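Peer 1: Next come a sequence and a model predicted from it.
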Amino acid sequence: MDFSLTRQQEMLINMVSEFAETELAPKALELDEKGEFPFHEVKRVAEQGLVGIVTSKEYGGSDMGHLARVIAIEEISKVYPPLGFFLQVGPIGMYILETMGTDEQKQKYLPPLCKGEKIMSTAVTEAAGGSEPQAMQSTAVADGDDYIVNGRKVYISFAEAADIVCFVAKTDDKFNAFIVEKGTKGFEITRRESHNGLRSIPVNEFALTDCRIPRANLVGEEGKGLIAGLNGIAVIGRTGVAGVGLGIAQGCYEAALKFARERNLYGKPIAGLQAIQFMLVDMNVEIEAARFIAYKAGWLLDQGKGPREAGADIAKAKLVTCELANRVAFNAVRILGGAGTTPEYHVIRRLRDATELLAAAGTQEIMKVIIGGSITR
Ligand SMILES: Cc1cc2nc3c(=O)[nH]c(=O)nc-3n(C[C@H](O)[C@H](O)[C@H](O)COP(=O)(O)OP(=O)(O)OC[C@H]3O[C@@H](n4cnc5c(N)ncnc54)[C@H](O)[C@@H]3O)c2cc1C
């Protein structure tokens with residue numbers, strides 16, 4: 001396994017890092033406090049090829065690959081995790097379309113999504129339990145050339161901003177995925193949820209009431225909708241969350257290191273206190289180890305492995321990076337003393353953001369279930 005980055009990936013790091021430092025860093029705090037998402041930046045990152053980064057060129061993507069995607073999301077999330085999270089969640093539906101959709105669906109929807117002109121959400125989770133998606137209550141009943149779809153979804157990122165939603169519902173004892181366009185009669189955003197972190201991001205509950213969805217909007221074979229949704233969440237969602245987790249950890253580590261070097265007590269920087277140094281050492285070493293695991297997951301996908309073959313490695317990446325982000329952010333708050341919980345030092349914001357990663361794209365316990373299954377098989 002060769003983990004050296006290509007020249008293109010090195011250049012990507014530099015380009016994205018410069019963009020994040022100049023464009024996102026100055027306004028990250030204000031956006032978080034106002035709970036506003038910078039939608040105009042979606043076009044900017046799309047121009048850099050980051051929205052369609054794993055979409056093939058045929059459909060307007062840049063096709064730079066999954067490892068490049070983890071790296072880009074990490075660089076953005078170092079500074080402003082909500083935009084990294086957008087790049088995590090938006091492409092889930094794009095991947096579902098590209099791998100399962102018809103050629104007409106790909107031609108129609110993927111190019112404007114890659115350009116950032118349109119936004120897509122993927123709606124699987126319901127109040128019945130995200131870890132048990134089979135318990136979902138949403139229904140799709142065939143009616144001539146249409147399906148009549150009813151149901152309610154919770155925790156859906158960017159639903160209120162989405163032009164199209166990939167919606168999974170039950171037809172008898174099978175599951176189907178549909179493209180639901182904004183403005184479809186019966187599609188109603190019922191709530192913007194209040195979350196502890198990633199405050200810029202609209203996370204919504206919404207309902208479909210007697211929505212008439214043309215059969216042409218069925219994604220993939222009849223009965224394969226849940227597998228389509230879960231594969232998208234695994235391949236795109238979990239590797240994306242891993243990038244966000246790495247970015248949060250790296251950003252907090254750098255903030256804590258800077259503070260420890262500059263803060264003087266007893267006539268010298270606290271970076272010289274062994275208690276502080278040990279926390280910084282743990283951060284440094286654990287980030288490097290987690291990065292290796294996360295990059296490996298992206299690399300495996302780039303080698304052509306699918307959700308089945310790479311599933312356990314992807315779950316490891318999601319598990320370690322999200323634990324890491326929470327641990328590093330928490331210890332950064334400790335290192336900063338009283339300054340740690342003030343917004344100006346940007347670590348408490350990142351700690352709040354890190355808590356959102358624990359459940360997003362599947363909980364940490366579900367990652368252990370997946371890894372457990374693979375090692376005891
Ligand atoms: C910020 C954010 C954004 C999200 N965006 C989206 C989105 O865009 N689209 C979407 O469809 N969903 C989205 N989700 C939902 C997310 O996928 C679910 O929250 C997740 O799957 C967990 O479901 P749940 O919240 O219902 O928890 P539950 O499934 O009710 O789990 C509750 C607890 O039980 C544990 N548990 C469950 N089963 C097991 C088991 N077998 N073994 C051990 N422990 C278990 C869980 O780990 C957890 O601790 C988002 C969530 C968040 C936080």
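Peer 2: Perfect, I can see it now.

Peer 1: contacting residues for the residue in the stretch 1-150 of the chain positioned nearest to the ligand?
Peer 2: With CB to the nearest ligand atom, the shortest gap between the stretch 1-150 of the chain and the ligand falls at residue 130, namely 2.1 Å. Where you see a C-beta, it was placed from the backbone N, CA and C, and this is true even at glycine. By CB atoms under 8 Å, 6 or more residues apart in numbering, the residues touching residue 130 are 124, 155, 359, 362, 363.

Peer 1: ok, the last one - contacts?
Peer 2: Same thing as residue 363. For residue 363, the contact set (CB under 8 Å, 6+ apart) comprises 130, 131.

Peer 1: ok, now with 6 Å
Peer 2: Residues near residue 363 by CB atoms under 6 Å, 6 or more residues apart in numbering: none.

Peer 1: The second one too?
Peer 2: With CB under 6 Å, 6+ apart as the criterion, the residues that contact residue 155 are 125, 203.

Peer 1: rewinding a little: could you say which helix or strand holds the residue of the stretch 1-150 of the chain closest to the ligand?
Peer 2: Using DSSP states H and E, residue 130 sits in no helix or strand.

Peer 1: Then residue 148?
Peer 2: strand 146-157.

Peer 1: Which residues of the stretch 201-350 of the chain lie near the ligand?
Peer 2: Proximity of the stretch 201-350 of the chain to the ligand, by CB under 6 Å from any ligand atom, involves residues residue 203.

Peer 1: Can you name the residue of the stretch 201-350 of the chain nearest to the ligand?
Peer 2: For the stretch 201-350 of the chain, CB to the nearest ligand atom, closest residue to the ligand: residue 203, 5.3 Å.

Peer 1: Pull the number of nearby residues for the closest residue to that residue other than its chain neighbours.
Peer 2: Of all residues not flanking residue 203 in the chain, residue 193 sits nearest, at 4.8 Å (CB to CB, 6 or more residues apart in numbering). Neighbour count of residue 193, defined by other CB atoms under 10 Å: 12.

Peer 1: in the stretch 151-300 of the chain, which spans are helices?
Peer 2: Assigned helices in the stretch 151-300 of the chain, in chain order: 225-232, 239-262, 274-302 (criterion: DSSP state H, counting those that start in this stretch).

Peer 1: Tell me which of those helices sits most buried.
Peer 2: Per residue and on average, the most neighbours among those fall to helix 239-262, with a mean of 26 (mean count of other CB atoms under 10 Å).

Peer 1: now that helix: mean pLDDT?
Peer 2: Averaged over helix 239-262, pLDDT sits at 98.

Peer 1: What is it packed up against?
Peer 2: Judged by 3 or more CB pairs under 6 Å, 6 or more residues apart in numbering; DSSP states H and E, helix 239-262 is in contact with helix 66-79, helix 81-100, helix 274-302, helix 307-335, helix 347-357.

Peer 1: Dump those to TSV, plus mean pLDDT.
Peer 2: Output for the helices and strands packed on helix 239-262, formatted as TSV (pLDDT from 0 to 100):
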stretch	mean pLDDT
helix 66-79	98
helix 81-100	98
helix 274-302	98
helix 307-335	98
helix 347-357	98
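
Peer 1: What distance do you get for the most centrally placed residue in the chain to residue 82?
Peer 2: Of all residues in the chain, the one closest to the mean position by CA atoms, centre = their mean is residue 88, 2.7 Å from it. Distance, residue 88 to residue 82, by CB to CB, to the nearest Å: 10 Å.

Peer 1: As CSV, the helices of the stretch 151-300 of the chain with distance to residue 336 would be great.
Peer 2: Conversion of the helices of the stretch 151-300 of the chain to CSV gives the following (distance: least, CB to CB, whole Å):
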stretch, distance to residue 336
helix 225-232, 38
helix 239-262, 5
helix 274-302, 10
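
Peer 1: and residue 16, which of those is closest to it?
Peer 2: Among these, helix 239-262 comes nearest to residue 16, with 10.3 Å by CB to CB.

Peer 1: tilt between the closest one and helix 81-100?
Peer 2: Angle, helix 239-262 to helix 81-100, by axes from the mean of the first three to the mean of the last three CA atoms, to 10 degrees: 160 degrees.
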